[in-house]
Each structure stands twice: as C-alpha cells, then as structure tokens.
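J.: no sequence for this one, just the structure:
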Ligand SMILES: O=C1O[C@H](COP(=O)(O)O)[C@@H](O)[C@H](O)[C@H]1O
C-alpha cells in the first residue's frame, strides 16, 4: 500500500477538491459496474465536504451510502451520524441516493449490528469510496483505544460487516464496520483538519501499537492505498 498526504491551504479548498475526487470515483464506479457504494464518517469534520458533494452532477440514484460507524441512538438524536448525513449530504442532487443506516430501533446494539450487516451485505465488497475521520485519541470509525471489541474489529481476518463497540471515550455504545470491510475500498480516504489532528497523525505514523492508536491499522496495513486529505 501507499499512503499519500494531500495538504491544502484551507478547509474550503480541501472540501472542493475532495468532493470532486469522490464524485469522480463514484461516477467511474457507475460507468464500470452500473452502481456505486460509499461509506462516510460522522463527527464534525465532514459537514462542508458533504454540502459540496451533495451538489455533484452524478447519477445519485445509482449510489448507495452508508456510515463507517454510528452511535446506538435514533436518527433524531443530535449525536446521530445518520442525522448529520441526512442534514448535510442527502440533499440537493444527492437526495436521490439510497441511504442504509447502521442504527435500527431494536432492543440492543448487538441486534442492530446484525441487521445492519445483513442489509449492507450486497454493497461494500469492496466499497467504491470510504471516507474515514480520526479523533484526537487516534480512533477511526469506532475503533476506540480501550474498546471492548477493538482486537476483533481490527483483526485482518475479522468478518465483513458491522460490530458493536463500547469504550470510555466513545459516549454511547457504537456500531462500526470492521477493519476488513473498510480497508480494501477502491478509494480509501482519511479526512482530517486542523494542526491538532496533524500532530495526532504524526504521532500515529511514528509508532506501531494499534491498541494505543487504532488509526495505525489503516496507516500501516490497509490493502488499499490511503489518501490523506488535510488542511489547517
Ligand atoms: O466519533 C466519531 O468521531 C470521529 C472523528 O470526529 P470529528 O468530530 O473529530 O471529526 C468520526 O470519524 C467518527 O465517524 C465519529 O463517529
């Protein structure tokens, strides 16, 4: 694998370029296979990107979107990644896309993970586009340091699909695609912004302990090339 760092002067320039690159990969997938799949992150970073991507001139009716991870909360909860995507990405032209949520209104996160795995099994083998984020603790998706299922979730031979995760730094119980589900994406992106996250990235690149900083699994051993988009 190759890790490429793309640095931009500011977050607006980054979002413009990343939206254009993602749209191109989705259009290429539609041309090649008649459909496209994409898994996106939540959190605060992707809002501007989502808004720019939502107006891209591609055939969104052939695009299926899901999340790399989610909190076990309903879609009207302000902390829901589904709500973020619905508000900022599934708008404008992208309103024609199909969205597959990870959260389901069932008794446990474990049940929701099983349903999400089943409902997403026909997409993402591999995903055409995966956009990862990274927390200042070095987590990506819901691969949290100290997570109760971290070792299983980031194992190279973990099954494709969605698992649960609990960790002190995670807040609510989480739902997350496993490492193998994400790491072989045709276009694998890590989107980070700010000097603080750049310092966290450099710290991650300088070590190998994945339990300390799970983003290292993606940086060190993803089967796909990893394109990092960063702006101060
Ligand atoms: O918990 C989460 O945080 C990360 C990073 O979020 P940010 O607010 O620092 O951008 C995100 O990638 C992940 O999807 C989300 O669930």
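T.: Yes, it's here. No experiment lies behind these values; they were computed from the predicted model shown.

J.: so what's residue 19 up against?
T.: With contact taken as C-beta atoms under 8 Å, 6 or more residues apart in numbering, residue 19 is in contact with 49, 52-53, 56. C-betas here are computed from N, CA, C, even on glycine.

J.: next, it: secondary structure please.
T.: Secondary structure, DSSP: H, G, I helix; E, B strand; the rest coil: residue 19 is helix.

J.: residues near the closest residue to it other than its chain neighbours, how many?
T.: Closest residue to residue 19 apart from its sequence neighbours, by C-beta to C-beta, 6 or more residues apart in numbering: residue 52 at 3.8 Å. Burial of residue 52 is recorded as 21 neighbouring residues (other C-beta atoms under 10 Å).

J.: isn't residue 52 up against residue 17?
T.: No: Residue 52 is beyond contact range of residue 17, at 9.5 Å (criterion: C-beta atoms under 8 Å).

J.: export the contacts of residue 19 to TSV and tack on pLDDT, secondary structure and distance to the ligand?
T.: Shown next, in TSV, are the contacts of residue 19 (pLDDT from 0 to 100; DSSP: H, G, I helix; E, B strand; the rest coil; distance: C-beta to the nearest ligand atom, whole Å):
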residue	pLDDT	secondary structure	distance to the ligand
49	98	helix	11
52	98	helix	16
53	98	helix	16
56	98	coil	21
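
J.: which one (most neighbours) among those?
T.: residue 53 (28 neighbours).

J.: circling back to that earlier point, quick check: the residue nearest to residue 19 vs residue 22, distance?
T.: Look at residue 52 and residue 22: by C-beta to C-beta, to the nearest Å, they are 9 Å apart.

J.: residues contacting the closest residue to residue 184 other than its chain neighbours?
T.: Once flanking residues are discounted, residue 184 sits nearest to residue 126: 4.4 Å by C-beta to C-beta, 6+ apart. Counting by C-beta under 8 Å, 6+ apart, residue 126 makes contact with 184-186, 224.
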